[in-house]
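>>> Could you look at this predicted model? Sequence included:
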Amino acid sequence: MSSSTSTSNCSCHSILETAGQGALVPLYQTLQSAISSKDPESSNSNRIIWLHFGVNSDATRFAIEHQAVNEATFRCPDELGWKPQKVPIVPSDGGISRTRETSLPVEEMSKALANKGYDVMTSDDAGRFVCNYVYYHSLRFAEQNGIKSLFVHVPLFSTIDEETQMQFVASLLEVLASSVS
């Protein structure tokens, strides 16, 4: 699981452990570092986008995730052995049917990427495993701090080769940059 952000002046990249609760401390440290480094005088301070990537081994194309659900139901234990079942990710947000949506225009972004030749779709279901867990926390943090968050599921390299995936990421960054300018 990868979590990245960039502005024109700053860029950081973190690899999070494939674990629900185990990923929270490094996730929040990374999220907080971007907020702490925001320059209130800069016009770029409102253009922070958290971009997360996760691998979906069953996927045959790229999926831009529109939302995350406040539900942790892991089909198998995470890397630290945690296997929650129908547990709210953030209990104070309410029940497991609560969703949080990205404020980015995922439909338009998907169309722009498809026009560049990529096999891409929008998705309303980031699953209930670690990807959804991290995305829910990121969307919540983004909403509270006036920034944006996006999660993209990618297939295995055996399905779409690494070079094509790297080109997709570069194109995605271009699309993101044009969506906030």
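Structure's in. What do you need?

>>> show me what contacts the nearest residue to Arg61 once chain neighbours are set aside?
Once flanking residues are discounted, Arg61 sits nearest to Asp119: 3.9 Å by Cβ to Cβ, 6 or more residues apart in numbering. C-beta here means a position set from N, CA and C on the backbone, and glycine is covered the same way. For Asp119, the contacting residues are 60-62, 160, by Cβ atoms under 8 Å, 6 or more residues apart in numbering.

>>> Just the ones of these in strands?
Among the contacts of Asp119, DSSP state E puts Phe62 in strands.

>>> What is the nearest of the contacts of Asp119 to Ile49?
Nearest to Ile49 among the contacts of Asp119 is Phe62, at 16.9 Å by Cβ to Cβ.

>>> What segments of this structure are strands?
Assigned by DSSP E, the chain shows strands spanning 2-6, 11-15, 49-55, 62-65, 67-69, 99-101, 120-123, 148-154.

>>> Mind putting these into a markdown table with distance to Val169, mean neighbour count and mean pLDDT?
Formatted as a markdown table, the strands of the chain follow (distance: least, Cβ to Cβ, whole Å; neighbours: other Cβ atoms under 10 Å; pLDDT from 0 to 100):
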| stretch | distance to Val169 | mean neighbour count | mean pLDDT |
| --- | --- | --- | --- |
| strand 2-6 | 9 | 19 | 40 |
| strand 11-15 | 12 | 12 | 55 |
| strand 49-55 | 8 | 21 | 92 |
| strand 62-65 | 10 | 24 | 98 |
| strand 67-69 | 20 | 23 | 98 |
| strand 99-101 | 22 | 16 | 98 |
| strand 120-123 | 12 | 18 | 98 |
| strand 148-154 | 8 | 24 | 97 |
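
>>> Out of the ones you listed, flag the one nearest Leu139.
Across those, closest to Leu139 is strand 99-101 (Cβ to Cβ), at 3.9 Å.

>>> Contacts only, for Leu150.
By Cβ under 8 Å, 6+ apart, the contact list for Leu150 reads 49-52, 64-65, 102, 104, 106, 176.

>>> what's whichever helix in the chain runs longest packed up against?
Assignment by DSSP state H gives helix 162-180 as the longest helix of the chain. On a contact count with 3 or more Cβ pairs under 8 Å, 6 or more residues apart in numbering; DSSP states H and E, helix 162-180 meets strand 49-55, helix 106-115, strand 148-154.

>>> And the contacts of that helix?
Contacts for helix 162-180 (Cβ under 8 Å, 6+ apart): 6, 47, 49, 51, 53, 62, 104-105, 108-109, 112-113, 116, 118, 120, 148, 150, 152, 154, 157, 160.

>>> got it, and stretch 76-92?
By Cβ under 8 Å, 6+ apart, stretch 76-92 touches 17-22, 70-74, 94-96, 98, 129-130, 132-133, 136-137, 140.

>>> Low-confidence bits of the protein, can you list those?
1-19, 22-23, 25-26, 34, 37-46, 181 (pLDDT under 70).
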